[in-house]
Structure formats: C-alpha cells, structure tokens
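Novice: take this sequence and fold it.
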Amino acid sequence: MAGHAAAGHGCLVVIDTGYSAGWTPGNLIYQHDFADNDGDAGNPNPDTHGSLVTAVALQAVPALDIIELKVSRGSSSQIDPAPVERALQWCVDNADRYGIDAINLSLCYGNVQTPTRSILSNEFAALDRAGILVCAAAGNARTAYPGVDGISWLASDPHVIAVSASNEGAGSGFAAFSQRHPALTDIAADGRDVVVYDDRAGAHVVSGTSFAAPLVAATLAQAQADAERLWGRRLSVDQAIGLLQATGDPIDAAPQDASYHVLNQNALQTGLNTAMATALQGTTAPVPGSAVGPVQGSGVFPAAWTDMAPAMAPAMAPQTAMAETAGILAETGTAWAGNSVLPFHRRMSDNAFESLLGAFA
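Specialist: Residues are numbered from 1 along each chain as shown. Below is the predicted model of the structure:
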C-alpha cells in the first residue's frame, strides 16, 4: 500500500463532528466535510466530540497521520447516515493514496445481541478486504438496558472491531455506563475519566466508549503500518481481534467477565512481531508475556495466522533470517532495531440508523 508504509507510523481516519479551534489534529494530511460537501472539517463549536476523540488517539500514538472526515452539518452534532456512508466509501477509494490503516467511529445507538446488518455493511466489508481496520464504540447505554448485555448496532458488524470501556485498565472492570456483550465485544480499553489536553495545555476529563475506541484504533493503526512495513502483510479484522485478545489482559476476576480482555499496547506490539514471524514459518506460537490467550483460551494465536504464510513466503523469502531473529527478540521482550514500539501507556437496522446517529458514544 502506498503512503506512509516506509515510515511505519500509521494513518488514522476520524469520522466524527470535525475539530475545533484550539485543538491541533496532529499531522493532518487530509480533511473533508461530507455533510456540507466542502474541504473544511473544522467545526465552529469549542471542544467538539471529534476534537476530543482525535486527542485521545494522538496521546496514544503521537506520530499518527490524521485524516478528519466531518459528517455533522455545520455546528450541529446531529449525524445522518448518508454522510457517514460517503465518508466510508471515500476511505475505500483512497486507501492506497493516503496509506489508511484504521478508522475510528465513535458513533453509537441501540443495544443488540446479534450482528445486525446496516446500510454501512458493504463499506465495512470492503474496508476489511482492503486491510483497513474499523473500530467502533460499543455504546454508553448500559443503565438503559438493565441486565441485558448488548452493544451498539454499528459496532456489531463482523467487519468492525467493537470496543467497550474499562474503568482504568486491566483488573478494574467495566465502566458502569459501558455496553458489552460476551459474543460481540472484541476488546475493552480505558474509557472512564480520560484526561486529554488542548493546544493551551488545558485539561479535559472525558468518559465514554467514544474515548476507549480511539485508543484501540490508534494502537491498531500503528500496528497495521508496522505489519506492512516490516513483514509486507496487513492484518484482517479477525486477525487484529485475535491479536488484541491474545495480548490483552483480563478485565477483572469476575467469572462472568472471563471472556473479556482489555487492551495492552506494549504486549500487542511484541505479540505482533512474534505472530508475523510465526506466520512466515507456518506454525503456531505462544504469545510472550500474555496474561490470557485468545477467545479459545489456548494461549496460541488462531490458525488464521498460519494461513498468511503461503502469501508471505514469496515476498519475504530473502528476509527469513531477519524474521527468525525478530521472533527470537520478540520472545525475549527486546525491541527489534528499527521497530516502532507503541508508547505506554456490528451491524445496524436501516430504519433505526436513519433516525439515530445524533447520539454519540
């Protein structure tokens, strides 16, 4: 894929309400307003939802290239489905030109227990085929559905990575507001009392799955760029989910939460190196330093990783020795020279979708 691949820092698309004055959207390489149909994704309102979402992503991975796609009209926070669909289609059409690695969608509504088809499903599938990872907020309406597990329709699409919110990382449990479902939530990340800073170093404390999703999206954008740069391959959504869960930590000790994982950024990078080296060699391998295994509980990467080997071999054969070295280094927890180590730190009903998307995660 063209674009940033040689640099390996990652490109993230934020589809939201646009950015405000006083919030620099990092290394902004493209912007567009798909609601007002112009080239300015700025929003006259202060401290917009889109600004805060972008800030979370950049605090996680400051070197990201950012694309801002505004889908709310004018200064409104209301969002119709048509601009969202146009923004996603633009990503499909321009993936190579801009080297897009991941997309963040902190938009949500509803509480579904099964994958639910939407007018965006075709775009989500096309993005997955292109190697672009879409992360979506699971939703904040847990208290509105007492005792009923479920997540937002958008996040339930199988070509989307559904992100719930934890309190403060591993062992802290879910944030009380966060929607979750054992078969639909793919990963959790910090989403309660997250502190972000504007251009004047002013602190803003935010909570919501809206702010858990960009932490995962930013992490995966850099991981996807590293996978392509170092190994000549891009992760599918299923492979990314396997990696997130295999390298994630338990969200808490409660038996009912045993199937849930919370993001571990550093372990994910080490796991990526090991998995790619393993795929090249055509075998499965344990995840170094992982507290839990993937969903199957086996402690090894799913078989899908080994399916990558035949396609990788022609391009990577001259680099086999390097790959084996990388695997050894990853096993011992040492960063491979030249590797960018991450910093510390599912489907929707058409009719209902057309009446929503003014609600944010």
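Novice: can you count the residues close to Lys70?
Specialist: 28 (other Cβ atoms under 10 Å). Yep, even glycine has a C-beta here, placed from its N, CA and C like the rest.
Novice: so who does the closest residue to it other than its chain neighbours touch?
Specialist: Nearest non-adjacent residue to Lys70, counting by Cβ to Cβ, 6 or more residues apart in numbering: Gly18, 3.6 Å away. Going by Cβ atoms under 8 Å, 6 or more residues apart in numbering, Gly18 touches Asp33, Ala41, Gly42, Asn43, Thr48, Gly50, Ser51, Glu68, Lys70, Ser72.
Novice: most neighbours among those, which one is it?
Specialist: Gly50 (31 neighbours).
Novice: so which elements touch the strand or helix carrying it?
Specialist: Element membership for Gly50, per DSSP states H and E: helix 49-60. Secondary-structure packing of helix 49-60 (3 or more Cβ pairs under 8 Å, 6 or more residues apart in numbering; DSSP states H and E): strand 11-16, strand 65-70, strand 194-197, strand 203-206, helix 209-231.
Novice: what's the very next helix or strand once past the first one packed up against?
Specialist: Next along the chain after strand 11-16, taking DSSP H and E as the criterion, comes strand 27-33. If you count contacts as 3+ Cβ pairs under 8 Å, 6+ apart, strand 27-33 packs onto strand 65-70.
Novice: the strand it packs on - what's its average pLDDT?
Specialist: For strand 65-70, mean pLDDT is 98.
Novice: now, which of the contacts of Gly18 sits nearest Ala60?
Specialist: Ser51 (15.4 Å; Cβ to Cβ).
Novice: so that closest one touches Tyr19, yeah?
Specialist: Yes - with contacts counted by Cβ atoms under 8 Å, Ser51 reaches Tyr19, the gap being 4.7 Å.
Novice: the helices and strands packed on helix 49-60: which one's closest to Asn111?
Specialist: Among these, helix 209-231 sits nearest to Asn111 (Cβ to Cβ), with 12.5 Å.
Novice: put the alpha carbons of the closest one into CSV.
Specialist: Taking Å, rounded to 0.1, in the frame of the first residue of the first chain, the C-alpha atoms of helix 209-231 are listed here in CSV:
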residue,chain,number,x,y,z
THR,A,209,-16.8,4.3,24.9
SER,A,210,-16.2,7.1,22.4
PHE,A,211,-12.8,7.6,24.1
ALA,A,212,-12.0,3.9,24.5
ALA,A,213,-12.4,3.3,20.8
PRO,A,214,-9.7,5.8,19.5
LEU,A,215,-7.2,4.3,21.9
VAL,A,216,-7.7,0.9,20.2
ALA,A,217,-7.9,2.5,16.7
ALA,A,218,-4.6,4.4,17.2
THR,A,219,-2.9,1.4,18.5
LEU,A,220,-4.0,-0.7,15.6
ALA,A,221,-3.2,2.0,13.0
GLN,A,222,0.5,1.9,14.1
ALA,A,223,0.5,-1.9,14.4
GLN,A,224,-1.0,-2.2,10.8
ALA,A,225,1.7,0.1,9.5
ASP,A,226,4.4,-1.9,11.2
ALA,A,227,3.0,-5.2,9.9
GLU,A,228,3.1,-3.9,6.3
ARG,A,229,6.5,-2.1,6.7
LEU,A,230,8.3,-5.0,8.4
TRP,A,231,6.5,-8.0,7.1
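Novice: so which elements touch whatever helix or strand comes next after that helix?
Specialist: Next along the chain after helix 209-231, taking DSSP H and E as the criterion, comes helix 237-247. Counting contacts by 3+ Cβ pairs under 8 Å, 6+ apart, helix 237-247 packs against strand 133-137, strand 161-166, strand 187-190, helix 209-231, helix 265-281.
Novice: looking at the ones you listed, which is closest to Gly150?
Specialist: strand 161-166 (10.8 Å).
Novice: how far out from the middle of the chain is the closest one?
Specialist: Put simply, strand 161-166 sits 9 Å off its chain's centre (Cα atoms, centre = their mean, to the nearest Å).
Novice: relative to helix 209-231, how tilted is that strand?
Specialist: Comparing the axes of strand 161-166 and helix 209-231 via axes from the mean of the first three to the mean of the last three Cα atoms, to 10 degrees yields an angle of 130 degrees.
Novice: low-confidence ranges in this protein?
Specialist: Applying pLDDT under 70 to the chain flags the ranges 1-8, 169-170, 253, 279-361.
Novice: centroid-nearest residue for it?
Specialist: Compute the mean C-alpha point of the chain, and by Cα atoms, centre = their mean the closest residue is Ala217, 2.5 Å away.
Novice: so that residue makes contact with Ile132?
Specialist: No - at 10.8 Å, Ala217 does not count as touching Ile132 under the criterion of Cβ under 8 Å.
Novice: need the overlap of contacts for those two.
Specialist: With Cβ under 8 Å, 6+ apart as the test, Ala217 and Ile132 both reach Ala102, Ile103.
Novice: coming back round to it: shared neighbours of Ser51 and Tyr19, which are they?
Specialist: Pro25, Asn43.
Novice: quick revisit: can you lay out the helices and strands packed on helix 237-247 as CSV showing distance to Ile29?
Specialist: Compiled in CSV, the helices and strands packed on helix 237-247 are given as follows (distance: least, Cβ to Cβ, whole Å):
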stretch, distance to Ile29
strand 133-137, 18
strand 161-166, 23
strand 187-190, 25
helix 209-231, 13
helix 265-281, 23
